[in-house]
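Undergrad: Predicted structure and sequence below. I'll ask about it afterward.
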Amino acid sequence: MLFLDTLLILISIQNTIALADKPIPFTMKCLPLFFLFCTSFCLSQKEITTIDLTAVIDTIWKTEQTPIRQRDATMKRYGLDSKEYARYHKIVKQNHTINEQKVKKILDTYGWPSRDMIGPNGNWTLCNVIQHSDNNFRIQYLPLMRKAVKDGKLEARFLVRAEDRIATEKGELQLYGGQMKYYPETKSFNLWPVYDPINIDKRRVAIGLEPIAVFLKNRFNFEWNLEEQLRRTEQFLNNQKTKD
């Protein structure tokens, strides 16, 4: 609208000069065309930036997720201590180091980008890289994620996933139950202890998440057992008291 109004004003000035039987200066004749060119160039640059950003996001997604899927499939087939697993895990770490820098540049340059800028898989991609990073990186961008949720740019499920990961890395109880951990003593995965397991579904439903049993079954093929998780949380809290 601002572009159209400005162009109409320029044309109106030309017409006023013409009606006054005065010659229109050459610069005035060219001004509307120059304005059109500049506006078109700026819009093109914005479009190019968006397209390029979407392409970068697509590359990040593929290089981050494909090796992880290959590594996890190898783990199931050969085991966590196998050479095959170690080879894919090395690729995962190498790719992630590169992708983390790309995500940092995007977030530092644009803030949390809109869906128009990063495409339908953009939030998944950015949040997965943040999730796979260390706690310092996650904590650094947590305020930006909170603002993005408030502004409607990011779904709350991505934020709580990051918050749970930060809590577990700090050695604290998680709130929503999104984090599984590998326990070497049993050579198996289990849910990291949860704050107030009895009311976990109330917290999850309040932010639009599915029940914990459904989530764990679909995501990890893990069975939620309330009694077991109550015992694990109690044991966790007792261990914390002993440390203090």
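TA: Okay, I see it.
Undergrad: what about this structure, any weak spots by pLDDT?
TA: Counting by pLDDT under 70, the chain has low-confidence residues at 1-51, 244.
Undergrad: switch the cut-off to 90
TA: Along the chain, the parts satisfying pLDDT under 90 run over 1-52, 76, 79-81, 182, 184-188, 206-209, 240-244.
Undergrad: That one: helices as residue ranges?
TA: 2-19, 26-78, 83-110, 115-118, 122-132, 135-150, 156-169, 200-206, 212-220, 226-243 (DSSP state H).
Undergrad: now those helices as JSON lines including distance to residue 176 and mean neighbour count?
TA: Heads up, the C-betas are built off the backbone N, CA and C, glycines and all. Listed next are the helices of the chain as JSON lines, based on distance: least, C-beta to C-beta, whole Å; neighbours: other C-beta atoms under 10 Å:
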{"stretch": "helix 2-19", "distance to residue 176": "44", "mean neighbour count": "12"}
{"stretch": "helix 26-78", "distance to residue 176": "22", "mean neighbour count": "14"}
{"stretch": "helix 83-110", "distance to residue 176": "23", "mean neighbour count": "16"}
{"stretch": "helix 115-118", "distance to residue 176": "24", "mean neighbour count": "16"}
{"stretch": "helix 122-132", "distance to residue 176": "14", "mean neighbour count": "22"}
{"stretch": "helix 135-150", "distance to residue 176": "14", "mean neighbour count": "16"}
{"stretch": "helix 156-169", "distance to residue 176": "5", "mean neighbour count": "19"}
{"stretch": "helix 200-206", "distance to residue 176": "6", "mean neighbour count": "15"}
{"stretch": "helix 212-220", "distance to residue 176": "8", "mean neighbour count": "15"}
{"stretch": "helix 226-243", "distance to residue 176": "13", "mean neighbour count": "12"}
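Undergrad: Serialize those to TSV and add fields for distance to residue 177.
TA: Below are the helices of the chain laid out as TSV (distance: least, C-beta to C-beta, whole Å):
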stretch	distance to residue 177
helix 2-19	49
helix 26-78	20
helix 83-110	24
helix 115-118	27
helix 122-132	15
helix 135-150	18
helix 156-169	7
helix 200-206	6
helix 212-220	5
helix 226-243	8
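Undergrad: Contacts only, for residue 195.
TA: 173, 174, 175, 233 (C-beta atoms under 8 Å, 6 or more residues apart in numbering).
Undergrad: Roughly how far does the nearest residue to the third one once chain neighbours are set aside sit from residue 164?
TA: Closest residue to residue 175 apart from its sequence neighbours, by C-beta to C-beta, 6 or more residues apart in numbering: residue 195 at 5.5 Å. With the distance defined as C-beta to C-beta, to the nearest Å, residue 195 ends up 10 Å from residue 164.
Undergrad: For stretch 178-191, give me every contacting residue.
TA: 80, 160-161, 164-165, 168, 177, 192, 215-216, 220, 222, 224, 229, 232.
Undergrad: What are the buried residues along that stretch?
TA: Within stretch 178-191, the residues scored as buried using 16 or more other C-beta atoms under 10 Å are 178, 179, 191.
Undergrad: Contacts only, for the nearest residue to residue 229 once chain neighbours are set aside.
TA: Spatially, and ignoring its direct neighbours in sequence, residue 229 is nearest to residue 197 (4.4 Å; C-beta to C-beta, 6+ apart). Residue 197 sits next to 226, 229, 230, 233 when contact means C-beta under 8 Å, 6+ apart.
Undergrad: go on, residue 233?
TA: With the criterion set at C-beta under 8 Å, 6+ apart, residue 233 makes contact with 173, 193, 194, 195, 196, 197.
Undergrad: With residue 155 instead?
TA: Per C-beta under 8 Å, 6+ apart, neighbours of residue 155: 123, 149, 208.
Undergrad: Over to residue 157?
TA: Neighbour list for residue 157: 207, 208, 209 [criterion: C-beta under 8 Å, 6+ apart].
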